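Undergrad: Model the structure of this input:
(one chain, ligands or ions: 2)
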Amino acid sequence: MRKIIIDTDPGIDDAAAIAIAMFSRELDVQLITTVAGNVSLDKTTRNALRLMSFWGADVPVAAGADRPLVGPVYDAAEAHGESGMEGFDFEEITVKPLKLHAVEAMRRVLLQSDEKITLVPIGPLTNIALLFSLYPEVKEKVEEIVLMGGAFTRGNITPLAEFNIFADPEAADMVFRSGLPIVMCGLELARSALITGEMVAKIRDLNPTGQMVYSLFEHYRGGNMQSGQRMYDSTAVCYLLAPELYTVQECYVGVEVASPLTRGTTVCDLEGFWNKQPNVKVCTAIDPQGFAGLFLRSLAGAQGVPENPTAATWLHQEK
Ligand code: BDR
Ligand code: CA
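TA: Ligands and ions are numbered 1, 2, ... in the order given. Predicted coordinates for the structure are as follows:
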């Protein structure tokens with residue numbers, strides 16, 4: 001099993017991605033860290049705890065940054081609802097967040113691990129940037145960063161910028177310049193990673209997790225049931241499970257932090273104009289049928305209590 005840490009801002013599409021990772025037999029989720037993004041940090045953390053309680057899962061949750069490094073706070077409550085995961089009546093929260101800050105929790109998990117760990121950020125990159133700048137020694141323990149964020153054509157929050165990068169461009173800039181291997185699952189993929197009206201009915205009838213995800217989708221404005229719901233964050237998790245579904249091109253990617261017109265844009269030099277050393281594997285396309293099949297199979301397997309054999313439960317004892 002491949003060890004991963006998910007850094008997230010749940011988020012309706014985050015919830016689906018977390019479900020796939022938690023129940024996958026190929027992924028061993030060590031830790032879930034939360035960040036302000038789709039909604040405020042207290043809400044994203046609460047949503048992560050709601051998911052863990054729903055599944056009776058023992059993967060620890062640590063709250064991280066409540067605002068971007070430099071710029072103003074933006075949210076996406078318009079798409080995900082006031083709570084960030086509107087549409088399903090979750091029962092009481094039965095698990096507690098760690099007493100540790102997300103950055104501290106990530107540091108401990110990475111340093112104690114014998115193997116390298118893959119980071120899967122599916123929200124703004126604030127926690128990851130803080131981790132690398134406070135504790136650069138952890139970079140040696142990072143296998144790669146497989147993230148949802150950015151775009152190489154156009155944006156979804158400004159003409160050119162994608163939400164996760166726009167929400168904290170300075171953090172994204174630091175991460176993209178970290179020197180670590182990065183796989184970028186950007187906006188373009190989600191336009192093919194669609195859950196259609198036909199599929200949602202199947203999802204609803206699969207099991208309690210399918211029912212929960214279906215209820216959230218009904219309230220999600222990342223698309224609609226007719227044209228299909230865009231599964232942004234699941235494209236990062238599914239890359240780990242089936243990279244053969246993706247078309248990938250390595251190139252240099254820079255993050256614009258200064259220009260008021262293009263702040264938060266991932267400038268992808270796919271044509272090699274700058275002749276710079278590639279720093280990112282940009283996923284330029286995904287097989288839509290392959291993705292849909294994997295998504296459905298993954299949720300169909302989301303039965304019982306998820307097994308993540310080496311989840312960092314020991315962190316609950318640490319301060
Ligand atoms: C990204 O922004 C958020 O609203 C989604 O959860 C996803 O991570 C898509 O731009
Ligand atoms: Ca997200």
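Undergrad: only C-alpha atoms for contact and neighbour calcs from this point on.
TA: Will do.
Undergrad: Residue 7 pairs with what?
TA: residue 33, residue 121 (DSSP bridges).
Undergrad: Count the neighbours of it for me.
TA: Using other Cα atoms under 10 Å, residue 7 is surrounded by 30 other residues.
Undergrad: Report the rounded mean pLDDT for stretch 217-230.
TA: Stretch 217-230 comes out with an average pLDDT of 79.
Undergrad: Need the distance between the two termini of it.
TA: From its first residue to its last, stretch 217-230 covers 10 Å (Cα to Cα, to the nearest Å).
Undergrad: From the chain's centroid, how far away is that stretch?
TA: Counting by Cα atoms, centre = their mean, to the nearest Å, stretch 217-230 is centred 18 Å from the centre of its parent chain.
Undergrad: and that stretch, anywhere near ligand 1?
TA: No - counting by Cα under 6 Å from any ligand atom, ligand 1 has no neighbours in stretch 217-230; the shortest distance is 7.8 Å.
Undergrad: residues making contact with that stretch?
TA: 12-13, 78-81, 86-87, 190-197, 200 (Cα atoms under 8 Å, 6 or more residues apart in numbering).
Undergrad: again, only this time at 6 Å
TA: With contact meaning Cα atoms under 6 Å, 6 or more residues apart in numbering, stretch 217-230 is reached by 79-80, 87, 190, 193-197.
Undergrad: Now, those residues that are in helices?
TA: Secondary structure from DSSP state H places 79-80, 190, 197 of these in helices.
Undergrad: Select only the buried ones of the contacts of stretch 217-230 in PyMOL?
TA: A single PyMOL command selects the buried members of the contacts of stretch 217-230 (16 or more other Cα atoms under 10 Å):
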select buried, resi 79+80+87+190+193+194+195+196
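Undergrad: With pLDDT as extra columns, can I get the contacts of stretch 217-230 in JSON lines?
TA: JSON lines is the format used below for the contacts of stretch 217-230 (pLDDT from 0 to 100):
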{"residue": "79", "pLDDT": "87"}
{"residue": "80", "pLDDT": "87"}
{"residue": "87", "pLDDT": "91"}
{"residue": "190", "pLDDT": "93"}
{"residue": "193", "pLDDT": "95"}
{"residue": "194", "pLDDT": "92"}
{"residue": "195", "pLDDT": "90"}
{"residue": "196", "pLDDT": "87"}
{"residue": "197", "pLDDT": "85"}
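Undergrad: Get me the contact residues on this structure for ligand 1.
TA: Residues of the chain lying near ligand 1 (Cα under 6 Å from any ligand atom): 11, 13-14, 38, 76, 122-123, 162-164, 232-233.
Undergrad: Show me those that map onto strands.
TA: Assigned to strands by DSSP state E, none of the residues of the chain next to ligand 1 qualify.
Undergrad: what about residue 268, how many residues close to it?
TA: Residue 268: 20 surrounding residues under other Cα under 10 Å.
Undergrad: scratch that, residue 128
TA: 26.
Undergrad: hang on, the earlier thing: any chance of CSV for the ones in helices among the contacts of stretch 217-230, columns distance to residue 297?
TA: Listed next are the ones in helices among the contacts of stretch 217-230 as CSV, based on distance: Cα to Cα, whole Å:
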residue, distance to residue 297
79, 26
80, 24
190, 18
197, 17
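Undergrad: and the residue nearest to residue 56 when sequence neighbours are not counted, what pLDDT?
TA: The shortest distance from residue 56 to any non-neighbouring residue, by Cα to Cα, 6 or more residues apart in numbering, is to residue 305 (6.1 Å). In this model, residue 305 is scored at 97, pLDDT.
Undergrad: how about the residue nearest the centre of the chain, phi and psi?
TA: Taking Cα atoms, centre = their mean, the centroid of the chain lies closest to residue 122, which sits 1.8 Å from it. Dihedral angles phi and psi of residue 122 (degrees, to the nearest 10) take the values phi -130, psi 30.
Undergrad: So it sits against residue 148, correct?
TA: Yes - taking Cα atoms under 6 Å as the definition, residue 122 is a contact partner of residue 148 at 5.0 Å.
Undergrad: Quick check: neighbours shared by the two?
TA: residue 233.
Undergrad: Helices of the stretch 1-150 of the chain, start to end?
TA: With DSSP state H, counting those that start in this stretch, the ranges of helices along the stretch 1-150 of the chain come out as 12-23, 41-55, 77-80, 102-112, 126-134.
Undergrad: same question, the stretch 201-319 of the chain
TA: Here the stretch 201-319 of the chain has its helices, by DSSP H, counting those that start in this stretch, at 208-218, 234-241, 288-300.
Undergrad: Kindly reformat those as a markdown table and extend each row with mean neighbour count and distance to residue 23.
TA: As requested, the helices of the stretch 201-319 of the chain are exported to a markdown table (neighbours: other Cα atoms under 10 Å; distance: least, Cα to Cα, whole Å):
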| stretch | mean neighbour count | distance to residue 23 |
| --- | --- | --- |
| helix 208-218 | 21 | 10 |
| helix 234-241 | 23 | 12 |
| helix 288-300 | 18 | 7 |
